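Asker: kindly generate the corresponding structure for this input.
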Amino acid sequence: MYDFAAARKRSELLMNIREHFIGKGYLEVSTPSLSPYLIPEPTIKAFGTRFINEFEGSRDLYLIPSPEIFMKKLLAAGSGSIFQISSCFRNAEQLGDVHNPEFTMLEYYTVGADDRDSIDITIEMIEKTKLRGIDPEWLRNKPLIISMHEAMMKYAGVDMDKAESIDYLRAEALRLGLNPGENESWDDTFNRIFLTYTEPSLPKDREVYLTDYPDRIACLAKHSEKGPTKKRWEMYINGIEIANCYDEETDKNETEKYFAEEWEKLREERSGTEEAIPPADPSFSSLDIPQSSGGAMGLDRLLAVHLGLNSIEPLLLFSLSDMLRQ
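Answerer: Got it, this is the predicted structure:
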């Protein structure tokens, strides 16, 4: 019923990560799991709850999908490089395999670094925190660093130089046997191709760092000088997405624009539904965030690939799917 051997490996992994970052001079922080505001992300659905107090009044609160909202406030306040291991929460996702609504996240921010520096930081961290007695093939092989442009061309035959055009992208989806709706957004058509052809084709015998994501996929990463891309990467092991990273946006105007556009998109998509519509943090776009690069890593998934598993469920002492079956 309970896999205490796996629990010991989890404990070892978390201890190794803490020792590694503290040894590098990072400050370990602890931030709230409940917040009255979130960063607007239409693709992420939050859990909402209600705070009740006879003196302060009642208001809606939300379980954080990541500690980013608080950790960036610490960066702006002069914390220096920081990391945190915390529980995070995402609603309306499938159960089992590599998803659980509550999961363990490692989030780490390196002041003075950019997204490319963070690749080296992450490769070193994974090597230095490996588990005793565990020697998976992917950890013995040299990591692959490949751009989204290269990967989409190699595995789907899609030219990202032309993919700014929704007509081109839709035609490519049809060529690949997919069926994008007539009014499907650029993001959805791109993801349809990427998730069907490119992501499943990434090498599974090593860490894969997929860089230079399309600029049209909104996020709080800086624009690249190399074209219509963001300074963002995602890392895969054994076909499982393990981590993502940004060269963090520091331009207040860009941040304010992101908040306005993404919150309006979120409001329009969820109006009339039961899904939570968390208000955007009104102070976030005024933060003086220093040059830094932030990474977020799913530690349940990292432990799974260390142990050669394709699912995180056996590693959770209390998975939601098990609790719902009782």
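Asker: quick one: residues contacting F51.
Answerer: L34, S58, R59, D60, L61 (CB atoms under 8 Å, 6 or more residues apart in numbering). The way it works is simple: take the backbone N, C-alpha and C, and place the C-beta from them, glycine included.
Asker: now do I134
Answerer: K9, H306, L307.
Asker: give me the element the first one is part of.
Answerer: When secondary structure is defined using DSSP states H and E, the element that contains K9 is helix 4-23.
Asker: quick check: mean pLDDT of the very next helix or strand once past that helix?
Answerer: Per DSSP H and E, helix 4-23 leads on to strand 27-28 as the next helix or strand towards the C-terminus. Per-residue pLDDT values across strand 27-28 average out to 98.
Asker: now the contacts of I134 in JSON lines, with distance to L220, pLDDT and neighbour count?
Answerer: Listed next are those as JSON lines, based on distance: CB to CB, whole Å; pLDDT from 0 to 100; neighbours: other CB atoms under 10 Å:
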{"residue": "K9", "distance to L220": "33", "pLDDT": "97", "neighbour count": "19"}
{"residue": "H306", "distance to L220": "30", "pLDDT": "97", "neighbour count": "23"}
{"residue": "L307", "distance to L220": "33", "pLDDT": "96", "neighbour count": "18"}
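Asker: go through this structure and flag its longest strand.
Answerer: The longest strand of the chain (DSSP state E) is strand 102-111.
Asker: that one relative to helix 4-23, how many degrees between them?
Answerer: Per axes from the mean of the first three to the mean of the last three CA atoms, to 10 degrees, the angle that strand 102-111 makes with helix 4-23 is 20 degrees.
Asker: buried stuff in strand 102-111?
Answerer: In terms of neighbour count (16 or more other CB atoms under 10 Å), strand 102-111 has its buried residues at E102, F103, T104, M105, L106, E107, Y108, Y109, T110, V111.
Asker: helices of the stretch 151-300 of the chain, start to end?
Answerer: 166-175, 186-193, 199-201, 252-270, 299-306 (DSSP state H, counting those that start in this stretch).
Asker: out of the ones you listed, which gets nearest to K142?
Answerer: K142 lies closest, by CB to CB, to one member of the helices of the stretch 151-300 of the chain: helix 299-306, at 16.6 Å.
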